[in-house]
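Student: I need the structure of the sequence given here:
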Amino acid sequence: MSENAQASKKTLRKDVDDRHYIRAAALHGSIDVLRSEQAASFLGDDCREIQSRIRGPEELIDSDDYLDQFAQIDSLFDHPGSALRIGLKQDLKSLGIFVAPIVHAETLWDAIKGVQAGLRYFQSSSSFSVNVRYNRCRLVYEHPYGRGAEADLDTQFTIGLFINVIREAAWYSQAELTVRYPGVLPSHRRLLPEVRDVLDGDTGMLEFDAFLLKSPMKQINVGIADVARQTMARIGMSNLDDTPVSKLVGILQSTSIDGYHTALPLNTAAAILDMPTRTLQAALKQEGTSFAKLREQARHKAAKRELLAGRSIAETAALVGFSQRQTFSEAFSKWQGCPPSEFLSQAHKNT
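Tutor: As a prediction, this is how the structure comes out:
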């Protein structure tokens with residue numbers, strides 16, 4: 001790193017709030033992109049050392065580590081402008097739990113609102129505004145780092161991520177997109193062939209025709225988006241780090257059953273939590289439970305609530321994800337120790 005870069009970094013860090021944090025997802029995902037582009041043997045000790053310091057996308061890291069490690073990752077790419085390329089090629093799912101509402105949004109507007117909420121979780125002190133004027137939508141991103149080589153990398157990466165999200169809109173080819181960010185290079189224009197104007201500026205900005213906000217997304221799974229969004233709302237983003245995995249899974253299951261009358265399968269829950277299925281199962285085992293047990297507990301709780309609210313046994317069976325009344329009655333007997341009819345009789349005697 002040059003002396004000028006070092007000096008600019010020291011200057012900008014004076015203005016960074018000590019309480020500011022960043023999720024490691026930016027680095028976690030960036031290394032994934034690097035590994036997909038370069039042979040593993042070429043990564044060298046530097047990249048392996050960065051990897052060893054990142055435990056997962058939800059990990060909190062301070063701004064100094066974030067800027068240092070991002071600069072290290074940038075230096076390992078062969079081509080200039082790697083931060084923008086990382087954002088453009090980023091697998092959104094590797095960025096953690098907050099991305100589920102974005103990936104599975106119904107329209108681009110829903111996805112952008114997901115970005116806005118997720119960014120507050122991902123990078124606490126950054127600013128992301130959305131304005132519509134004269135039939136053009138403008139997204140503006142400002143981070144708390146000031147200007148400097150590493151800070152510019154962050155803005156380029158984030159703008160690349162935003163374009164990545166917008167590219168998922170079905171009508172994207174008609175967007176008439178203009179972008180602005182610090183440190184524009186000639187090579188960047190080749191990365192953005194569909195962008196009308198690529199401008200250099202102090203802040204990150206994207207502007208496009210406002211009709212695109214109504215565009216459906218290419219990959220729609222509204223149910224998963226709603227379940228993820230409601231789960232985060234119930235827990236609160238600030239409490240997510242302290243929430244046991246078993247509680248997260250329990251809330252995911254309850255939300256899915258209440259809203260969509262079906263329990264989540266293991267692979268879907270793991271995808272929402274951005275965990276390999278084996279990792280999720282191991283985490284639950286460590287907490288003394290299992291995915292199947294949490295699923296059945298959520299069904300049991302919902303079934304008792306619906307029966308006590310006056311639903312018939314057949315209606316309750318359908319509401320908690322059973323296609324056959326008999327199958328539901330057998331499952332309920334295992335949960336409760338008695339069939340639904342006996343449970344209701346006992347409940348009525350006690351009232």
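Student: T243 - how many residues pack around it?
Tutor: Look at T243: counted by other C-beta atoms under 10 Å, it has 13 neighbours. In this view, the C-beta of every residue, glycine as well, is placed from N, C-alpha and C.
Student: That one contacts I235, correct?
Tutor: Yes: at 5.5 Å, T243 counts as touching I235 under the criterion of C-beta atoms under 8 Å.
Student: what's the pLDDT at R35?
Tutor: With respect to pLDDT, R35 has a value of 68.
Student: for the one 4 residues further on, same thing?
Tutor: If you check A39, the pLDDT there is 49.
Student: same deal with N4?
Tutor: For N4, pLDDT reads 41.
Student: any idea which helix or strand of the chain has the worst average confidence?
Tutor: helix 3-13 (a mean of 39; mean pLDDT, DSSP states H and E).
Student: now the very next helix or strand once past it: how far from the chain's centre is it?
Tutor: Scanning forward in sequence from helix 3-13 by DSSP states H and E, the next helix or strand is strand 21-23. How far strand 21-23 lies from its chain's middle: 14 Å, per C-alpha atoms, centre = their mean, to the nearest Å.
Student: Tell me which other helices or strands strand 21-23 touches.
Tutor: Applying 3 or more C-beta pairs under 8 Å, 6 or more residues apart in numbering; DSSP states H and E, we find strand 21-23 packed against strand 60-62, helix 63-76, helix 108-122.
Student: Of all the residues in the second one, which ones are buried?
Tutor: It refers to helix 63-76. Using 16 or more other C-beta atoms under 10 Å as the test for burial, helix 63-76 gives S63, Y66, L67, D68, Q69, F70, A71, I73, D74, L76.
Student: And the pLDDT for the second one?
Tutor: Predicted confidence (pLDDT) for Y66: 83.
Student: In terms of pLDDT, where does the closest residue to it other than its chain neighbours sit?
Tutor: Distance criterion C-beta to C-beta, 6 or more residues apart in numbering; nearest residue to Y66, sequence neighbours excluded, is I22 at 4.5 Å. Per-residue pLDDT puts I22 at 80.
Student: With I86 instead?
Tutor: In this model, I86 carries a pLDDT of 85.
Student: Could you measure from L108 over to V245?
Tutor: 32 Å (C-beta to C-beta, to the nearest Å).
Student: What of F122?
Tutor: Taking C-beta to C-beta, one finds F122 at 20 Å from V245.
Student: which one of the two has more residues nearby?
Tutor: Between F122 and V245, F122 has the larger neighbour count (other C-beta under 10 Å), namely 24 against 19.
Student: Which helix or strand lies directly C-terminal to the helix or strand that contains K247?
Tutor: Element membership of K247, judged by DSSP H and E, is helix 245-260. Using DSSP H and E, the helix or strand that follows helix 245-260 towards the C-terminus is helix 266-272.
Student: can you list the residues that contact that following helix?
Tutor: 93, 97, 100, 224, 227-228, 231, 249, 252-253, 264, 276-277, 279-281, 291 (C-beta atoms under 8 Å, 6 or more residues apart in numbering).
Student: check which helix or strand covers V184.
Tutor: With DSSP H and E as the test, V184 turns up in no helix or strand.
Student: how about it, what does it touch?
Tutor: V198, L199, D200.
Student: Which among those residues count as buried?
Tutor: V198.
Student: Can I get the contacts of V184 in CSV including distance to V320, pLDDT and secondary structure?
Tutor: Formatted as CSV, the contacts of V184 follow (distance: C-beta to C-beta, whole Å; pLDDT from 0 to 100; DSSP: H, G, I helix; E, B strand; the rest coil):
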residue, distance to V320, pLDDT, secondary structure
V198, 53, 93, strand
L199, 54, 94, strand
D200, 56, 93, strand
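Student: between the contacts of V184, which is nearest R189?
Tutor: Nearest to R189 among these, counting by C-beta to C-beta, is V198 at 5.4 Å.
Student: Tell me the confidence at the closest residue to E142 other than its chain neighbours?
Tutor: Spatial nearest neighbour of E142, excluding adjacent residues (C-beta to C-beta, 6+ apart): S127 at 4.4 Å. What the model reports as pLDDT for S127 is 85.
Student: and what of the one 5 residues further on?
Tutor: At V132 the predicted local confidence, pLDDT, stands at 94.
Student: swap in P57?
Tutor: pLDDT, P57: 68.
Student: Listing request: residues of the stretch 251-351 of the chain with sub-threshold pLDDT.
Tutor: 351 (pLDDT under 70).
Student: quick one, strands of the stretch 101-250 of the chain?
Tutor: 127-133, 136-142, 178-181, 197-200, 204-209 (DSSP state E, counting those that start in this stretch).
Student: Number of residues surrounding W171?
Tutor: Count around W171 with other C-beta under 10 Å applied: 14.
Student: what's the closest non-adjacent residue to it?
Tutor: S215 (3.9 Å).
Student: Identify the residues contacting that neighbour.
Tutor: T107, L108, A169, A170, W171, Y172.
Student: isn't the fourth one right next to A111, touching?
Tutor: Pointing back at A170 there. No: counting by C-beta under 8 Å, A170 sits too far from A111 to count as a contact (11.6 Å).
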